[in-house]
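Trainee: Here is my input, please return the structure:
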Amino acid sequence: MNENSNDFETRARAAARAIRDAVDAPAATVVAPRRVRGPVRALAVAATITLVAVIGATVIATNQRADGPASDVTTFCAQIAANESQPTDTVTDETTGESSPSPDPYAIGYLRDAPAEIRDVALAILRDERQNRPVDQSNWQRLINWFGVRCAPDAAQPGADAENQRFAPVPAPAGVTICLATNRFPIGDAATSGTDGYGTIAIFGDATLSDPYSAPMIGLAVSNEAVFRDEEPTPVSIPGHPDAVISTMTGAFGSRVDGSQVISWRDGDRNVGVYGRSFGTNRTPGLVAIASAVTMPGPEPQVATDALPIGFELIYRGPLLETSYLTLATRGSASFSLFGKNGRLQMSGTVMQAGESDAYDAVRFFATAVVPVIVGQTKALLGPVVGSNSGQSIDLARWRMPGGVVMTALTLPGPDGPPIDLRSIIASTRRLDRQEWEDLINASDGCFADEGRTSVATARGQESA
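Mentor: Coordinates of the predicted model:
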């Protein structure tokens, strides 16, 4: 049995192909491939586990250890949820290095005791698994949909608190169909808790500006996983760090952020990065001076305020994953998620807790083209996170709904028609009642099925990153 951290990485690798199918081929026409991952590109691998948790949660659940029968709805829901909090047995191919869940059909024996209303489906899944044959995906989807409706009785009810409010673009704009709707599944919380190894970042900017992200900024990041430079680093003199290098700052999918640089070095088993967002080569001496003042008195890098440009103050400090656009769209802390147009549209609703308001803008640090806009009466963040050539950009929108829910939408390029208009998504998104939410869940069909492509829900163990 793997430890939780390794289990998280294994699932992330197994899921990565589903993301790459949606974005890598089109994005390659926009961004030249990089041989070394930038931080957001590395974090995208981690973010895919949340996507799998959202779409394929029940698929993963059936591969995990179950103890005790479940004979009613409440118990059966709890049984599925309990299984999701456990690590998964995996098998690694020593030749290819690929890992996949280890089949254990007897781990899902509790499906025999499913409630009567879903028992036929559960038994069909159990028979397929125990006879070592492919499970009918329509049965998986029926079980996922059943879980979404029956195991979240408070969702979208009248008077629901923010965590249980549900929003969607209904009716959907022309050319968009919501093909999957789901409540947060417990694995999202478990997976998110294992992301500490991906590190933290502190972002500093000019606090005298109404929008600090519109001007140069400094970021101090530390991570056990991410690589903070592109493939053309140049040695730079930083006291106490003979391995320090400076290179172009990278963003989504390792694409260069023009006019920005990063100085990085190793600190034990960690990578430290000092980012100069909009610090071009003409400001290299200033970035070197800031990096030279960085210390590591604890687990996170620190810098004295007087070493920063005048007016700079802390704008955001938190998980590095919060700056990943993929995590924003599919994060484990999301109350609910929506996927549309064969997976090309990904949406989530998240309730920001006290002290998290600064995280709202944090994605803009690496996605420099995401800017504030107004759509009708709604203030939003909108812009491309990768490329813009030939309508193949990956675009992101973020906005607040009444009641405290923050919506995040991400569009991925694809072969089936023109880009999705995120402005129309913002304008058409509204709060749903219980029946509308149940209708969306019950209509869910897995998103990628219409294209004959592998559904994310079936990506378990098929590929590694």
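Trainee: pLDDT weak spots in this protein?
Mentor: For the chain, the stretches with pLDDT under 70 are 1-71, 83-107, 185-197, 226-229, 252-253, 325-332, 354-356, 387-392, 415-417, 448-465.
Trainee: again, 50 this time
Mentor: For the chain, applying pLDDT under 50 flags the ranges 1-70, 103, 105, 188-195, 329-330, 388-391, 450-465.
Trainee: contacting residues for residue 139?
Mentor: Neighbouring residues of residue 139 by CB atoms under 8 Å, 6 or more residues apart in numbering: 121, 124-125, 128. Using the backbone N, CA and C atoms, a C-beta is placed for each residue, glycine as well.
Trainee: Now for those residues, which sits with the most neighbours around it?
Mentor: Neighbours were tallied for each of the contacts of residue 139 (criterion: other CB atoms under 10 Å), and the maximum of 22 neighbours falls on residue 125.
Trainee: Summarise which helices and strands the helix or strand harbouring that residue is packed against.
Mentor: Using DSSP states H and E, residue 125 falls within helix 116-130. Taking 3 or more CB pairs under 8 Å, 6 or more residues apart in numbering; DSSP states H and E as the contact definition, the neighbouring helices and strands of helix 116-130 are helix 137-150.
Trainee: Name the residues of the helix it packs on that are buried.
Mentor: Neighbour-count burial for helix 137-150, counted by 16 or more other CB atoms under 10 Å, picks out 139-150.
Trainee: Equivalent analysis for stretch 347-355, please.
Mentor: In stretch 347-355, the ones that count as buried by 16+ other CB under 10 Å are 347-352.
Trainee: Need these in CSV (columns: distance to residue 207 and secondary structure).
Mentor: What follows is the buried residues of stretch 347-355, written out as CSV (distance: CB to CB, whole Å; DSSP: H, G, I helix; E, B strand; the rest coil):
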residue, distance to residue 207, secondary structure
347, 32, strand
348, 29, strand
349, 30, strand
350, 25, strand
351, 26, strand
352, 20, coil
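Trainee: tell me which of those is nearest to residue 394?
Mentor: Out of those, the one with the shortest distance to residue 394 is residue 347. That distance is 14.2 Å, counting by CB to CB.
Trainee: wait, what's in contact with residue 432?
Mentor: Contacts for residue 432 (CB under 8 Å, 6+ apart) come out as 156, 166-168, 170, 440.
Trainee: Could you work out the most separated pair of those?
Mentor: Distance extremes for the contacts of residue 432: the farthest pair is 156 and 170 at 11.7 Å, using CB to CB.
Trainee: So if I had to pick from these two, which one is more boxed in?
Mentor: Between residue 156 and residue 170, residue 156 has the larger neighbour count (other CB under 10 Å), namely 23 against 15.
Trainee: returning to what we had before: could the buried residues of stretch 347-355 go into JSON lines alongside distance to residue 160?
Mentor: Compiled in JSON lines, these are given as follows (distance: CB to CB, whole Å):
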{"residue": "347", "distance to residue 160": "18"}
{"residue": "348", "distance to residue 160": "17"}
{"residue": "349", "distance to residue 160": "12"}
{"residue": "350", "distance to residue 160": "15"}
{"residue": "351", "distance to residue 160": "11"}
{"residue": "352", "distance to residue 160": "17"}
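Trainee: before we move on, the earlier item: closest one of the buried residues of helix 137-150 to residue 202?
Mentor: residue 148 (37.5 Å).
Trainee: what residues does the helix holding residue 125 touch?
Mentor: Contacts of helix 116-130 with the rest of the structure, by CB under 8 Å, 6+ apart, involve 62, 73, 76, 103, 105-106, 108-109, 111-112, 114, 134-136, 139-140, 142-143, 146, 150.
Trainee: Can you flag the buried ones in these?
Mentor: Of the members of the contacts of helix 116-130, the ones counted as buried by neighbours, 16+ other CB under 10 Å, are 62, 73, 76, 108, 111, 114, 135, 139-140, 142-143, 146, 150.
Trainee: For residue 442, list the residues it contacts.
Mentor: Residues counted as contacts of residue 442 (CB under 8 Å, 6+ apart) are 145, 149.
Trainee: That one and residue 420, how far apart?
Mentor: The gap separating residue 442 from residue 420 is 23 Å, by CB to CB, to the nearest Å.
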